[in-house]
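*Asks:* Have a look; sequence and predicted model below, questions after that.
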Amino acid sequence: MKNLNKIEILILAAGKGKRMQDDLPKVLVKLNGKPMIMYVLESTGKAFKKKPIAIIGHKAELVKSELKNLCSYVLQEKQLGTGHAISSAKDSCVNTEHIIVLSGDQPLITPKTIKNLMEKHLKSKSKITFTTTELPDFKDWRKAFIGFGRILRKNGKVMGIHEYKDANEKEKNIKEVNAGCYAFDAKWLWKNLEKIKNNNVQNEYYLTDLFQIASLNGDLIETIKIKPHEALGANTKEELEILGKFAV
């Protein structure tokens, strides 16, 4: 892909993973013997020959010692949500035109999806392009998706994303969910990140609040749909077990 120097890849890797009941930072929890974030780094490496920036926080030195020079690093001093995490990386993204945001605990994301995401973003000239996945139900292994943000659409257009904890009953029944990989127009991102607030159940600055801002501005939001297993993360041992069934 052309102009790789104009693209920056940010990997969210600051979380504790409290529900995992593990002392390790969540991204270092092992899936089939390998830290989850290593799968993500392998996929980004195959998609773009470019060193990503890991946004680290909880036990930051441990993450650095594990990943060494596979990434550059930005420290998120306090874990105040995904929007705050991305803000922490602003000074490391000077002269960047496009930002890819991935989660360090989403190990099954493929190089093809990361490439497709950026290609759709560049072709459509959207302000935000992101991945979604659609489920027939939230039963069996798919119950891992219950807590995912719901995609709000009107006449096919994305109007916003409601985090599950803040969603009403009607929204909780929506089967299209946020699959957690994003591409942003960098100028638009930095300008609008300053507008997000933390008036929600978690008192956190959600990156996903940008979708409502974009919608209200009439800014273009595009999506690509991916297979459900690619969107899986792991917050609990049970979810890690589900991931293990799909990981090769």
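*Replies:* Perfect, thanks for sending it.
*Asks:* Which elements pack onto the strand of greatest length in the chain?
*Replies:* The longest strand of the chain (DSSP state E) is strand 176-185. Secondary-structure packing of strand 176-185 (3 or more CB pairs under 8 Å, 6 or more residues apart in numbering; DSSP states H and E): strand 98-103, helix 111-124, strand 128-134, strand 150-154, helix 228-231. Bear in mind the C-beta positions are built from the backbone N, C-alpha and C, glycine included.
*Asks:* quick one: it to strand 98-103, angle?
*Replies:* 140 degrees (axes from the mean of the first three to the mean of the last three CA atoms, to 10 degrees).
*Asks:* What lies in contact with strand 176-185?
*Replies:* Here strand 176-185 makes contact (CB atoms under 8 Å, 6 or more residues apart in numbering) with 97-103, 106, 109, 113-114, 117-118, 120-121, 126-135, 145, 148-151, 153, 161, 207-208, 210, 226, 230-231, 233.
*Asks:* Render the CA-only coordinates of that strand in PDB, please.
*Replies:* Extracted in PDB, the C-alpha atoms of strand 176-185 (Å, rounded to 0.1, in the frame of the first residue of the first chain):
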ATOM      1  CA  GLU A 176     -25.100  -6.200  14.400                       C
ATOM      2  CA  VAL A 177     -22.300  -5.400  16.800                       C
ATOM      3  CA  ASN A 178     -19.100  -3.400  16.800                       C
ATOM      4  CA  ALA A 179     -16.100  -5.600  15.900                       C
ATOM      5  CA  GLY A 180     -13.600  -3.200  17.300                       C
ATOM      6  CA  CYS A 181     -11.200  -2.300  14.500                       C
ATOM      7  CA  TYR A 182     -11.200   1.300  13.200                       C
ATOM      8  CA  ALA A 183      -9.600   3.600  10.600                       C
ATOM      9  CA  PHE A 184      -9.800   7.400  11.100                       C
ATOM     10  CA  ASP A 185      -9.000  10.400   9.200                       C
END
